[in-house]
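> Provided below are the primary sequence and the corresponding predicted coordinates.
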Amino acid sequence: MAPAVQVSNISVSYHGETALDDVSFTAEPSQLIGIIGPNGAGKSTLIKTIMGMIGRNEGEVEVLGQPISKVRKRVAYVPQRRSIDLDFPVRVEDVVVMGSYAHLAWWKRPGKKDKEKALTCLEKVGMLDFSHRQIGELSGGQQQRVFIARALMQDSDVLFLDEPFAGIDVASESIIIDLLRDLRNQGKTLFVVHHDLSKVETYFDTIMLLNQRLLGFGAKDEVFQPELVSRAYDGNVAVLGEGKEQVVVTS
């Protein structure tokens, strides 16, 4: 079986400034991968580069053993919520139905089966009762659940989620992490940009530690260690706790 994602020596820059420098890793299927690192570390850039949304200076990327252009329909993306126009007058159900477009010919419109599937996806994220609401009327956590339901519509093998837990309520966070674990158990591979270090070990099997360069990638017990995290955050961490060490960002 081909790796879910294989990245070889990619580098990316914006206006002469380095965003990613010689990053390489191989992610096997059925993993829930947390991408952590300080602001400006290139976490979102990495996701967008893998998906072909941003050009790279050098290096190679394969998804499911092929160039992303050949498997785009098997990849789903949940962007940062702040990057989405939440004032656009569209219903929750319609947002989720948009996830079917990847599998439709350009001249076709979603049909009855697509709409039924959208309601099933909304039920999975606990948002079925809100299907006729305007997306801007929902709380942050509810909106995030809707966007994840849209990704579920695609039946993708690889999913990229950019800060899905940012600014959401506890109930939504619990629903989302349970859903991500279920998808992992179904054989999906999920990359999740994440900031809350206190939940890293609870949420993820595999950790990617990034600060322009890849400082660690592997099992959480191996990578989520104070010395590696301190390097990623340029020393701005404190080591706390009794018995098992914990790391906390101090600035």
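That came through fine.
> contacting residues for the nearest residue to residue 138 once chain neighbours are set aside?
In this structure, residue 138 finds its nearest non-sequential neighbour in residue 130, 6.5 Å apart by Cβ to Cβ, 6 or more residues apart in numbering. For every residue, glycine as well, the C-beta is placed using N, CA and C. Shown here is residue 130, whose contacts under the criterion Cβ atoms under 8 Å, 6 or more residues apart in numbering are 92, 122, 138, 142, 146.
> who's in contact with the third one?
Right, residue 138. Taking Cβ under 8 Å, 6+ apart, one finds 92, 130, 146 in contact with residue 138.
> okay, these in CSV with pLDDT, secondary structure and distance to residue 179 next?
As requested, the contacts of residue 138 are exported to CSV (pLDDT from 0 to 100; DSSP: H, G, I helix; E, B strand; the rest coil; distance: Cβ to Cβ, whole Å):
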residue, pLDDT, secondary structure, distance to residue 179
92, 92, helix, 17
130, 95, helix, 16
146, 94, helix, 13
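> I'd like to know which of the contacts of residue 130 are buried.
Buried subset of those (neighbour count, 16 or more other Cβ atoms under 10 Å): 92, 122, 138, 142, 146.
> Check the residues you listed and tell me the two furthest apart.
Checked with Cβ to Cβ, the buried ones among the contacts of residue 130 reach their widest spread between 122 and 138, with 11.8 Å between them.
> Now the common contact residues for the two.
In the contact map built from Cβ under 8 Å, 6+ apart, the residues linked to both residue 122 and residue 138 are 92, 130, 146.
> residues making contact with stretch 118-126?
Identification of contacts with stretch 118-126 by Cβ under 8 Å, 6+ apart yields 92-93, 96-97, 99-100, 128, 130-131, 145-146, 148-150, 152-153, 175-176, 179.
> any idea which residue sits dead centre in this structure?
In the chain, the C-alpha closest to the average C-alpha coordinate belongs to residue 161, at a distance of 1.8 Å (Cα atoms, centre = their mean).
> Give me the distance between that residue and residue 7.
Residue 161 sits 18 Å away from residue 7 when distances are taken as Cβ to Cβ, to the nearest Å.
> One more: residue 166?
Counting by Cβ to Cβ - residue 166 and residue 7 are separated by 24 Å.
> Name the residues that touch the helix of greatest length in the chain?
In terms of residue count, the longest helix belonging to the chain (DSSP state H) is helix 170-185. Residues outside helix 170-185 that contact it (Cβ under 8 Å, 6+ apart): 30-32, 124-126, 139-142, 144-145, 148, 159, 161, 164-165, 168, 190, 192, 203, 205.
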